[in-house]
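Participant: Dropping the sequence and predicted coords here.
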Number of protein chains: 4
Amino acid sequence: MDKTTVKLKKNAKPGKSPIAVVGMPGIGNVGKLVAEHLRRELKAKRIGTIYSPHFPHQAVMLKSGRLRLVNNVVYHVKSSGKTPDLIIVTGDTQAVTPEGQYAVNSLIFRLLTERFGCKFIYTIGGYTTGQALSQKRRVFGNATSTAIISKFKNTNILFGKSKGLIWGSAGLIPAFARLGKIDAACIMGETAMLEIDAAAAKAVIEELSKVLGMKISTNNLDKIIKKTDEIMKQLAQANAGMPMQMGQMPVEGGAPVLEQGGRPSYIR
Amino acid sequence: MDKTTVKLKKNAKPGKSPIAVVGMPGIGNVGKLVAEHLRRELKAKRIGTIYSPHFPHQAVMLKSGRLRLVNNVVYHVKSSGKTPDLIIVTGDTQAVTPEGQYAVNSLIFRLLTERFGCKFIYTIGGYTTGQALSQKRRVFGNATSTAIISKFKNTNILFGKSKGLIWGSAGLIPAFARLGKIDAACIMGETAMLEIDAAAAKAVIEELSKVLGMKISTNNLDKIIKKTDEIMKQLAQANAGMPMQMGQMPVEGGAPVLEQGGRPSYIR
Amino acid sequence: MDKTTVKLKKNAKPGKSPIAVVGMPGIGNVGKLVAEHLRRELKAKRIGTIYSPHFPHQAVMLKSGRLRLVNNVVYHVKSSGKTPDLIIVTGDTQAVTPEGQYAVNSLIFRLLTERFGCKFIYTIGGYTTGQALSQKRRVFGNATSTAIISKFKNTNILFGKSKGLIWGSAGLIPAFARLGKIDAACIMGETAMLEIDAAAAKAVIEELSKVLGMKISTNNLDKIIKKTDEIMKQLAQANAGMPMQMGQMPVEGGAPVLEQGGRPSYIR
Amino acid sequence: MDKTTVKLKKNAKPGKSPIAVVGMPGIGNVGKLVAEHLRRELKAKRIGTIYSPHFPHQAVMLKSGRLRLVNNVVYHVKSSGKTPDLIIVTGDTQAVTPEGQYAVNSLIFRLLTERFGCKFIYTIGGYTTGQALSQKRRVFGNATSTAIISKFKNTNILFGKSKGLIWGSAGLIPAFARLGKIDAACIMGETAMLEIDAAAAKAVIEELSKVLGMKISTNNLDKIIKKTDEIMKQLAQANAGMPMQMGQMPVEGGAPVLEQGGRPSYIR
């Protein structure tokens, strides 16, 4: 396998002018949490798989005793008539090098626009402010044009308040969209140096629900938030009196401070 | 040399529907130990060599005073009539980058399936549980399909108990096999952060013997296990009273804790 | 996007035998400061943009709430009759790997010489001497030929006093120029391990003004120098009595000691 | 520049069946010291230059005030009738990645054999034993065949006593030679973790003189050895009573312990 490839199911019909939501592993895993939550809540159907020699050279061990190659997956949510067709893209990993990232995200962008005819692409990520986080997380956004930004005026998404760089799919795909004159926006949940931030994902889902015009329950995210608040309290008690350690920030509302690589056991 | 290449001997006959066993350097070097042990015990004949610009840029200094390029080697064990033809692949190293790993393992997979007609591929690796190891090591497995798993019911291989990712050849080759509708399984001996784990290799050999229907002596591995137990006892005595150092875990049954790069002198 | 590409505006006219000034992010960001300062002071017009899969895989978040792909930008300053046409090239970043650097800088070199007909190329960088810096910074130079060096005799640029290696665009482009028999020089402002050295940039601008025969105000650089001197004094007072920390050198004249990644807030 | 290229002078005549000596920067810089010493002592003529996008993206600042691209250089020493034609290859650097190393060394190997008709290739390197070094350094060797080894019986070169891996040009070129049925040997001077080991280079030169049948003065190397012994004594006095620092080994005979990147000032 010497090129990034997408295998689509034979009967893959993406619907009409679908809206895309791309959420990959990254800061706080906000993107991946949002995409996985959406596909479960909206009962999305898997329509394709993306493989790449630019992904880390890993196979995933499955509970069934099988294994599979690391990949990205493409899902379709059928329009209800009142709600749009959705294409959801998420996966195990992103490419490792700049050249690999450009190759994979170019393919995803072309798949969404040329093959599926997407008219709007959302990418989801996390944004670290360096400040203490509160229970209600803020949601930040950057879009391909100021005209697009005005469409979000009935949401709480803050455009133009986030500074710096967006790494990986969350940044490259809207940037390619801007060059290709396709509308897109990167929506980012406020997070800290956290492994899995369900509160940030919840805040993003709440805003996405508004713009997509879809009712999306966040009960499952609330469960994760509750579990991780418990873990955080236990950590705080165990460390009572000890100086604040690197990587631990006061967090309310749902995201444990975990070292890079540690995952709460409810994520398998 | 700008591509991964395999040089096969002119008279290379792999036999009929051979079974492949691929064991590369990796965690605990379990894969390499198993493959090298098999080829010696079964008196395998070398039938080919794999070179790649994706391997580290090294030459190996030989005891004879000669030198050679780092490589992977392909061996053939002839069927006895009752036991199958075997193709064994092992070597000095794996490729360094994701793209290099995909290139090398794609070539190995195609060599085994298209050139040699292999109907089943075993890859061998190590699996770290993070728990203290006991004398009798467990053996874990992940396969291309649940149908394959049922073939292992008369062994002690635990399918579906291992979690996480398999890096390199041990993971990629069965993952490619699954995509190519070839049967394959990754068999992993339980190990810790060890340089050479002969006890893990022995446990794997014992299970492989069952599935291959071949009697394979493990005396040579027992010698390595004994020598390394001695080294471990000496280390423990030298460190008596000192706090447990990073990388040292209680180990019984045959694997010294060695820092990355240190090799017991009996391995040359 | 699988290749480095330059998009030129349709009406891009570079003038006649323009002189090029290339200033990229690097040591002290001297190159970027000089290039950005020149384009603002001389009211340069943007005529092109360079994108590359060898740039880090990032999008830049803009104050307008939009975003864009990281890039390099090409500007043109129109000749006044007495002053030459200038082509200024600067940007967000340089390529990450050697192969990427050779690809991007080859393209820039060919753009400047073949497309624009540049007869002289300046690249700008920082040069660290390891000595304490004084208010008035020295300016060092290396050129494609000794004939070129004689053209600088009415400046304070020190040729042949700098030792070692020039990394990235500042080194590769004049090196390519020498091989392609084009005249070029790398002009370096004396700096330390600093994030943004406006004093070094000012010293370079003063010398460039002489060779280009252009009056270029340095008032804006003076503002940055003053602000950073204030920051430095505050840092020194806060650390009074504490041992000198790594990375802090006595600096007068305008460049704060900032850890890698920290930027004074006036740079957005 | 997207490929490794060699530019040969128009009148480049390598002589008849020349012997090649390749000495690149590496362990102890033994290879480079030997090659540079040979070319000066034997008054070699430069006949070619090798450039590569796999070399680090650097330009070298010259004392003349000029600059040049990092490169490797090819020299020719004319046969005296009694002594052979020699091709010497040395340079600033080696390639950074495995793929780059394979590309550059394949080109050098083909240049030497196909273009120049070399019948024997020496590569020079350093070999670290981890033991304290004595004034008289040992010289180790690994060759393409045992037949070749017998040609060295009138020297002090120890074949078959060195263990492990040879990185870079010193290992790859003889390894390619073995695959291409060309005779070659890697000759290594015993060294420690040193930046520049003139004593190791001297020991290699003494053995090379025997096999090449050429009288080669080592006076210039003696000067370097003497200077560095002085530096070593000063370091030892300054550190008297302080615990031995990492990287400092007792060394007699000529090589200072310098941290990576530090060069004695007599090397420019």
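Facilitator: Sure, I can see it. Residues are numbered from 1 along each chain as shown, chains lettered A, B, ... in the order given.

Participant: The spatially closest residue to A:Ala201 that is not a sequence neighbour: neighbour count?
Facilitator: What sits nearest to A:Ala201 in space, not counting adjacent residues and going by Cβ to Cβ, 6 or more residues apart in numbering or on different chains, is A:Leu33, at 3.8 Å. (Glycine included, C-beta is placed from N, CA and C.) A:Leu33 has 28 neighbouring residues, counting by other Cβ atoms under 10 Å in any protein chain shown.

Participant: Next: A:Gly164.
Facilitator: By the criterion of other Cβ under 10 Å, A:Gly164 has 12 neighbours.

Participant: give me the beta-bridge partners of it?
Facilitator: When bridges are taken as DSSP bridges, the partners of A:Gly164 come out as C:Met61.

Participant: ok, it to A:Ala199 distance?
Facilitator: Distance from A:Gly164 to A:Ala199, counting by Cβ to Cβ, to the nearest Å: 21 Å.

Participant: again, but for A:Asn29
Facilitator: Taking Cβ to Cβ, one finds A:Asn29 at 12 Å from A:Ala199.

Participant: out of those two, which sits in the busier spot?
Facilitator: Taking neighbours as other Cβ under 10 Å, A:Asn29 and A:Ala199 compare with A:Ala199 leading, 30 against 25.

Participant: How about the secondary structure of the more buried one?
Facilitator: Of the three states, A:Ala199 takes helix under DSSP: H, G, I helix; E, B strand; the rest coil.

Participant: Just to check, it is in contact with A:Gln135?
Facilitator: Yes: counting by Cβ atoms under 8 Å, A:Ala199 does reach A:Gln135; the two are 7.2 Å apart.

Participant: Grab the most central residue of chain A for me.
Facilitator: Nearest to the geometric centre of chain A sits A:Gly31, at 1.3 Å (Cα atoms, centre = their mean).

Participant: OK, contacts around it?
Facilitator: Contact analysis of A:Gly31 by Cβ atoms under 8 Å, 6 or more residues apart in numbering or on different chains lists A:22-25, A:90, A:123-126, A:169-170.

Participant: what pLDDT does the nearest residue in space to A:Lys210 that is not next to it in sequence get?
Facilitator: Among residues not flanking A:Lys210 along the chain, A:Thr155 sits closest, at 4.9 Å (Cβ to Cβ, 6+ apart). The model reports A:Thr155 with a pLDDT of 97.

Participant: mind checking how far A:Thr155 is from chain C?
Facilitator: Remark: distance between A:Thr155 and chain C (Cβ to the nearest Cβ, to the nearest Å) = 13 Å.

Participant: And the residue nearest to A:Ser52 when sequence neighbours are not counted, how far from A:Trp167?
Facilitator: If the residues on either side of it in the chain are set aside, A:Ser52 comes closest to A:Thr4, at 3.9 Å by Cβ to Cβ, 6+ apart. Taking Cβ to Cβ as the measure, A:Thr4 falls 18 Å from A:Trp167.

Participant: Compare those two (neighbour count), which wins?
Facilitator: When neighbours are counted by other Cβ under 10 Å, A:Thr4 and A:Trp167 differ, and A:Thr4 comes out ahead with 20 against 17.

Participant: Tell me the backbone dihedrals of that one, please.
Facilitator: Dihedral pair for A:Thr4: phi -70, psi 130, per degrees, to the nearest 10.

Participant: before we move on, what about A:Gln234?
Facilitator: Dihedral angles of A:Gln234 (phi, psi; degrees, to the nearest 10) stand at phi -60, psi -40.

Participant: Any idea how many residues pack against it?
Facilitator: Residues near A:Gln234, counting by other Cβ under 10 Å, number 11.

Participant: Likewise for A:Pro56?
Facilitator: When neighbours are defined as other Cβ under 10 Å, A:Pro56 has 17 of them.

Participant: On the pLDDT front, check it for me.
Facilitator: 98.

Participant: Contact residues of the stretch 51-200 of chain A facing chain C?
Facilitator: Neighbours of chain C within the stretch 51-200 of chain A, by Cβ under 8 Å from any Cβ of the partner chain: A:95, A:97-99, A:101-103, A:105-106, A:141-146, A:149, A:159-160, A:162-168, A:170-172, A:174-176, A:178-179, A:186.

Participant: just the buried members of these?
Facilitator: For these, a neighbour count by 16 or more other Cβ atoms under 10 Å in any protein chain shown gives the buried set as A:95, A:97-99, A:101-103, A:105-106, A:141-145, A:149, A:159-160, A:162, A:166-168, A:170-172, A:174-176, A:178-179, A:186.

Participant: Of those, which are in range of chain B?
Facilitator: Restricting those to those near chain B by Cβ under 8 Å from any Cβ leaves A:95, A:97.

Participant: So which of the buried ones among the residues of the stretch 51-200 of chain A next to chain C belong to strands?
Facilitator: Using DSSP state E, A:141-143, A:159, A:166-167, A:186 are the members of those that sit in strands.

Participant: ok, back up a step: filter the contacts of A:Gly31 down to the ones in helices?
Facilitator: Judged by DSSP state H, the contacts of A:Gly31 include A:169-170 as members of helices.

Participant: now that we have the contacts of A:Gly31, which one has the most neighbours?
Facilitator: When neighbours are counted by other Cβ under 10 Å, A:Thr123 leads the contacts of A:Gly31 with 33 neighbours.

Participant: give the contact list for that one.
Facilitator: A:21-23, A:31, A:169-171, A:173-174, A:184-187.

Participant: Kindly report the same for A:Asn220.
Facilitator: By Cβ under 8 Å, 6+ apart, the neighbours of A:Asn220 are A:37, A:40-41.

Participant: what would the residues you listed look like in JSON lines with neighbour count and secondary structure?
Facilitator: What follows is the contacts of A:Asn220, written out as JSON lines (neighbours: other Cβ atoms under 10 Å in any protein chain shown; DSSP: H, G, I helix; E, B strand; the rest coil):
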{"residue": "A:His37", "neighbour count": "25", "secondary structure": "helix"}
{"residue": "A:Arg40", "neighbour count": "11", "secondary structure": "helix"}
{"residue": "A:Glu41", "neighbour count": "18", "secondary structure": "helix"}
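
Participant: out of those, who's nearest chain C?
Facilitator: Among those, A:His37 lies closest to chain C (Cβ to the nearest Cβ), at 23.9 Å.

Participant: my read: the closest one touches A:Ala201, true?
Facilitator: Yes: under the criterion of Cβ under 8 Å, A:His37 makes contact with A:Ala201 at 6.4 Å.

Participant: what touches both of the two?
Facilitator: A:Leu221.

Participant: quick revisit: and the residue nearest to the centre of chain A, what pLDDT?
Facilitator: 97.

Participant: Would you confirm that it belongs to a helix?
Facilitator: Yes: assessed with three-state DSSP, A:Gly31 lies in a helix.

Participant: Can you list the low-confidence ranges for the stretch 101-250 of chain A?
Facilitator: The stretch 101-250 of chain A contains residues with pLDDT under 70 at A:193, A:241-250.

Participant: Tell me which stretches of it form helices.
Facilitator: Counting by DSSP state H, counting those that start in this stretch, the stretch 101-250 of chain A has helices at residues A:146-150, A:169-179, A:198-212, A:219-238.
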